[in-house]
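Student: The following comprises the amino acid sequence and a computationally predicted model.
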Amino acid sequence: MDAGGPGTRRSIAAQLRMLGVRPGGTLLVHAALRQLGFVCGGPQALVLALRDALGPDGTIVVPTHTPDNTDPAQWSNPPVPAGWWPLIRAEMPGFDPAVTPSRFMGVFAETVRCWPGAQRSSHPQVSFAALGPAADRVVAGHTRTDMLGEGSPLARLYELDADVLLLGVDHAVNTSLHLAEYRRPAPPRERVGASVRTADGGREWVWWQDVRLDETEFGALGRDLEATGAVRTGPVGTGTGRLMRQRAAVDFAVQWLTRNRTTEDA
């Protein structure tokens, strides 16, 4: 892309190839579109550019999480009055992969979720959507418990030797690092809840025990990961792309968290 000019499907696809996006690969993408500057066609053009770079055998994966479908007692940004908690638990619509929008994941993730042929996992809080030949393998069978662990799309991506692409964002939102939280020794657990659909089309609030997730150190973890040379960086639009093998990132993070967290840490 010429300096100061708009990004296009063609120019961004070329930048992604230069960055090292592998044709035929599976790619988990986190993107903040506004950080890439003006892109002619916006999120649609970015999806098309990624599909061009990946080719017909490649698969795009995005997080389509729904953090509003969680226990309101844990909300902090903003919190809600305790008197509201029972009503929220009683009235929150049950998660429906086909219609429930993601929250706080960005317009790019929503564009992929709504793309014809995209598939979405069924977890009521931390679903993923995938587009491409490996989509079903990535999203099928997403377990409620250990939601970002061995029963999750993150573990399927690890099996597939997928890549992670951060576009205009840093490791603070690198979801794959959560898989390492499950793989470190004795991670702390907590009670979590969500609204789910029932077999008869209704809804109910359910509870389960899961690993207590904490991304507050992911920025520092990511900087240490980059210092190993495991992350390729380069321009995408007017922003920065970071590309890494997911296995390398997760394996490094397991060791990093084991050294830097105790089993009592949140």
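Tutor: Arrived safely, thanks for sending.
Student: going forward, measure contacts between C-alpha atoms and count neighbours the same way
Tutor: Will do.
Student: What is the end-to-end distance of stretch 50-63?
Tutor: Its start and end residues considered, stretch 50-63 measures 16 Å (Cα to Cα, to the nearest Å).
Student: and that stretch, what's its mean pLDDT?
Tutor: The pLDDT scores in stretch 50-63 average 98.
Student: what residues does that stretch touch?
Tutor: For stretch 50-63, the surrounding residues in contact (Cα atoms under 8 Å, 6 or more residues apart in numbering) are 13-14, 16-17, 21-30, 105, 109, 112-113, 126-135, 175.
Student: Tell me, what's the model's pLDDT at Gln15?
Tutor: On the pLDDT scale, Gln15 is placed at 98.
Student: That one against Thr233, yeah?
Tutor: No: counting by Cα atoms under 8 Å, Thr233 is not a contact partner of Gln15; they are 10.8 Å apart.
Student: just the helices in this structure please.
Tutor: Along the chain, the segments classed as helices by DSSP state H run 9-19, 42-54, 85-91, 107-113, 135-139, 153-159, 176-183, 218-227, 246-260.
Student: of all the ones you listed, which lies closest to Thr100?
Tutor: For Thr100, the closest of these is helix 107-113, at 10.2 Å, according to Cα to Cα.
Student: and the closest one, what does it pack onto?
Tutor: Using 3 or more Cα pairs under 8 Å, 6 or more residues apart in numbering; DSSP states H and E, the elements in contact with helix 107-113 are strand 26-31, helix 42-54, strand 59-63, strand 128-131.
Student: so can I have CSV of the ones you listed showing mean neighbour count and distance to Val164?
Tutor: Output for the helices and strands packed on helix 107-113, formatted as CSV (neighbours: other Cα atoms under 10 Å; distance: least, Cα to Cα, whole Å):
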stretch, mean neighbour count, distance to Val164
strand 26-31, 25, 5
helix 42-54, 21, 13
strand 59-63, 25, 9
strand 128-131, 28, 13
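Student: Adding distance to Arg197 as columns, could you present those in TSV?
Tutor: Formatted as TSV, the helices and strands packed on helix 107-113 follow (distance: least, Cα to Cα, whole Å):
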stretch	distance to Arg197
strand 26-31	27
helix 42-54	30
strand 59-63	20
strand 128-131	17
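Student: closest to Gly239 out of those?
Tutor: Among these, the nearest to Gly239 by Cα to Cα is strand 26-31 (10.4 Å).
Student: in its sheet, what does the closest one sit against?
Tutor: Neighbouring strands of strand 26-31 in its sheet, by DSSP bridges, are strand 59-63 (parallel), strand 163-167 (parallel).
Student: I'd like to know which of the ones you listed is closest to Glu190.
Tutor: strand 59-63 (22.1 Å).
Student: next one: the closest one to chain centre, how far?
Tutor: Relative to its parent chain, strand 59-63 has a centroid offset of 8 Å by Cα atoms, centre = their mean, to the nearest Å.
Student: cool, stretch 44-58 as well?
Tutor: Relative to its chain's centre, stretch 44-58 lies at 18 Å (Cα atoms, centre = their mean).
Student: next one: stretch 134-150
Tutor: Chain-centre distance of stretch 134-150: 12 Å, with Cα atoms, centre = their mean.
Student: tell me the mean pLDDT for that stretch?
Tutor: What stretch 134-150 shows for mean pLDDT is 97.
Student: Straight-line length of it, end to end?
Tutor: Stretch 134-150: ends 18 Å apart by Cα to Cα.
Student: Also stretch 52-59?
Tutor: Using Cα to Cα, the end-to-end distance of stretch 52-59 comes out at 11 Å.
Student: ok, now stretch 21-32?
Tutor: Start and end residues of stretch 21-32 are separated by 18 Å (Cα to Cα).
Student: again with stretch 176-196
Tutor: Using Cα to Cα, one end of stretch 176-196 lies 24 Å from the other.
Student: List the buried residues in it.
Tutor: For stretch 176-196, a neighbour-count test (16 or more other Cα atoms under 10 Å) marks 176-184, 187-188, 192-196 as buried.
Student: Distance of the residue most central in space within the chain relative to Leu225?
Tutor: Using Cα atoms, centre = their mean, the residue of the chain that lies closest to the mean C-alpha position is Pro63, 3.2 Å off. Distance of Pro63 to Leu225, given as Cα to Cα: 22 Å.
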